[in-house]
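Undergrad: predicted model and sequence follow; I will ask about them next.
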Amino acid sequence: MRQLKTGEFFGDTDQVLRLDGLILTDTVYTHPYVDWHYHEHAYFTFILQGAVLEGNQKGLVYCSPGTLLYHHHQEPHYNQKPDGFTRGFHIEIEEKWFQRFDLRSMEGSLKIDHTQSKLIFYRLFSELKLNDHDSSLSIDDLLLRILAGDLPKIGWVPRLKEILHEERLLSLDQLSQELGLHPVHISRMSAKYLGCTLGEYLRKIKVEQALALLPDTRLSLTRIAIHCGFADQSHFIRCFKSVVGTTPSVYRKLLIS
């Protein structure tokens with residue numbers, strides 16, 4: 001089984017940024033099939049465009065735009081790429097980076113279905129493209145929010161997230177009935193465990209959905225706004241900017257550059 005060395009990925013690498021213990025790459029997937037292999041260091045894969053099927057010891061995962069995967073170092077896996085253009089953003093993490101922040105690498109192969117983490121990865125991709133004097137600090141900060149920012153889980157939070165992702169219009173009273181909890185308790189604890197208000201979390205879900213669609217230039221911003229549940233394009237732009245820090249049109253240019 002082949003081991004890929006630091007900064008090595010199958011495909012055509014468009015950009016590489018090497019920092020202290022981190023390697024960021026923007027890669028176009030060119031191989032229809034990549035046999036079982038593993039990497040020298042732990043790393044994240046974030047699919048920006050297209051799709052890929054990844055197989056690991058747990059099974060086969062279909063990865064569409066916005067899919068975030070994590071692999072512990074030396075975790076074996078393989079890839080199948082359907083026809084069409086596929087692009088991935090990778091962050092490889094050397095052991096010295098974990099040691100610098102007194103962290104341990106997560107074990108195994110994980111698909112991370114966490115809205116805030118995915119939104120952070122879009123911001124990390126922005127930092128790769130910006131690549132200025134302050135990018136190193138920003139990248140460390142953003143990555144730490146994912147790897148060290150999780151609070152202990154409580155039992156009803158996953159169900160709350162499921163309800164919010166179902167795109168139903170719910171009041172706090174309805175959430176209370178669904179979860180069997182007092183509205184005050186939901187409000188107080190969800191702010192702690194989601195890191196924002198319930199309304200803000202719903203907007204982040206919509207922005208996450210929009211980001212996955214932006215590379216498809218056949219879709220107008222108005223069409224994306226309506227599809228993702230925004231009131232209109234103006235509402236879409238305001239919410240997008242508040243979450244991502246820039247407008248949808250500017251970020252679209254970044255994604256398709």
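TA: All right, it came through fine. Because the structure is predicted, anything quoted here is derived from the model rather than measured.
Undergrad: which residues touch residue 190?
TA: Shown in contact with residue 190 (C-beta atoms under 8 Å, 6 or more residues apart in numbering): 157, 160, 197, 198, 201. Bear in mind the C-beta positions are built from the backbone N, C-alpha and C, glycine included.
Undergrad: just the element for the last one, please.
TA: Read it as residue 201. Per DSSP states H and E: residue 201 is located in helix 198-213.
Undergrad: wait, which of the contacts of residue 190 is closest to residue 26?
TA: residue 201 (28.8 Å; C-beta to C-beta).
Undergrad: wait, residue 20 touches residue 97, no?
TA: Yes: under the criterion of C-beta atoms under 8 Å, residue 20 makes contact with residue 97 at 7.1 Å.
Undergrad: more neighbours: which of those two?
TA: Neighbour comparison, residue 20 and residue 97: the larger count goes to residue 97, with 22 against 10 (by other C-beta atoms under 10 Å).
Undergrad: surely that one forms part of a helix?
TA: Yes: under DSSP: H, G, I helix; E, B strand; the rest coil, residue 97 falls within a helix.
Undergrad: what sits against it?
TA: By C-beta under 8 Å, 6+ apart, the residues touching residue 97 are 20, 21, 22.
Undergrad: how about these in JSON lines, adding secondary structure, distance to residue 54 and pLDDT?
TA: JSON lines is the format used below for those (DSSP: H, G, I helix; E, B strand; the rest coil; distance: C-beta to C-beta, whole Å; pLDDT from 0 to 100):
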{"residue": "20", "secondary structure": "coil", "distance to residue 54": "28", "pLDDT": "93"}
{"residue": "21", "secondary structure": "coil", "distance to residue 54": "25", "pLDDT": "94"}
{"residue": "22", "secondary structure": "strand", "distance to residue 54": "22", "pLDDT": "96"}
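Undergrad: and those residues as CSV, adding distance to residue 254?
TA: Listed next are the contacts of residue 97 as CSV, based on distance: C-beta to C-beta, whole Å:
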residue, distance to residue 254
20, 25
21, 25
22, 20
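Undergrad: against residue 18, how distant is residue 89?
TA: Applying C-beta to C-beta, to the nearest Å, the value for residue 89 to residue 18 is 15 Å.
Undergrad: next, count neighbours for residue 5.
TA: 9.
Undergrad: got a list of what it touches?
TA: Neighbour list for residue 5: residue 40 [criterion: C-beta under 8 Å, 6+ apart].
Undergrad: distance check, it against residue 92.
TA: Counting by C-beta to C-beta, the gap from residue 5 to residue 92 is 10 Å.
Undergrad: and the contacts of residue 190, which two are furthest apart?
TA: The most widely separated members of the contacts of residue 190 are 157 and 197, with 14.6 Å between them, by C-beta to C-beta.
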